[in-house]
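[1] Need coordinates for the following:
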Amino acid sequence: FFINLFAMSAGREEPFPPNYNPIQYDAGGNYVGINRQSFWEKCKEEPLVPIGAIATVTALTLGIRAFQRGDQMQSQRMMRYRVGAQGATLLFFVYYTFYKNP
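    Predicted structure coming up:
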């Protein structure tokens, strides 16, 4: 429901029909699998999201290490980088969701 609501508010048609079910069964009713892309295929299509996530985790890790060493300046700097990387990742995600995949 919420996915369709957000897509419609962005001026797009519903991304999935109301009876859409990602789980697939064959004619005999046996489970076949889930209709979705693999993680690696999605990373190839939208490379900025995983890069941003890695940058966020890296900045967080370096900030925590600097805090443990008592280097307040470095710790604050890394936390600011973390916030920037996290915001950029969110913007990349929104871009790929609403603008790149119409």
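[2] so where is this structure shaky, pLDDT-wise?
    1-26, 31-37, 101-102 (pLDDT under 70).
[3] For residue 59, see how far away residue 76 is.
    12 Å (CB to CB, to the nearest Å). In this view, the C-beta of every residue, glycine as well, is placed from N, C-alpha and C.
[4] between the two, which one's more packed in?
    Legend: neighbour count by other CB atoms under 10 Å for residue 76 and residue 59, higher for residue 59 (20 against 13).
[5] How about the helix or strand hosting that one, which residues are buried there?
    For residue 59, the host element (DSSP states H and E) is helix 48-69. Buried positions in helix 48-69, judged by neighbour count with 16 or more other CB atoms under 10 Å: 49-50, 52, 55-56, 59-60, 62-63, 66.
[6] Pull out the buried positions in stretch 70-85.
    75, 78-79, 81-82, 85.
[7] Show me the contact partners of that stretch.
    52, 55-56, 59-60, 62-64, 66-67 (CB atoms under 8 Å, 6 or more residues apart in numbering).
[8] go again using 6 Å as the cut-off
    If you take CB atoms under 6 Å, 6 or more residues apart in numbering as the criterion, stretch 70-85 is touched by 52, 55-56, 59-60, 62-63, 66-67.
[9] Repeat that for stretch 91-102.
    Here stretch 91-102 has contacts from 10, 46, 48-49, 52, using CB under 6 Å, 6+ apart.
[10] I'd like those as JSON lines, with distance to residue 39 appended.
    Putting these into JSON lines (distance: CB to CB, whole Å) gives the following:
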{"residue": "10", "distance to residue 39": "25"}
{"residue": "46", "distance to residue 39": "11"}
{"residue": "48", "distance to residue 39": "15"}
{"residue": "49", "distance to residue 39": "11"}
{"residue": "52", "distance to residue 39": "16"}
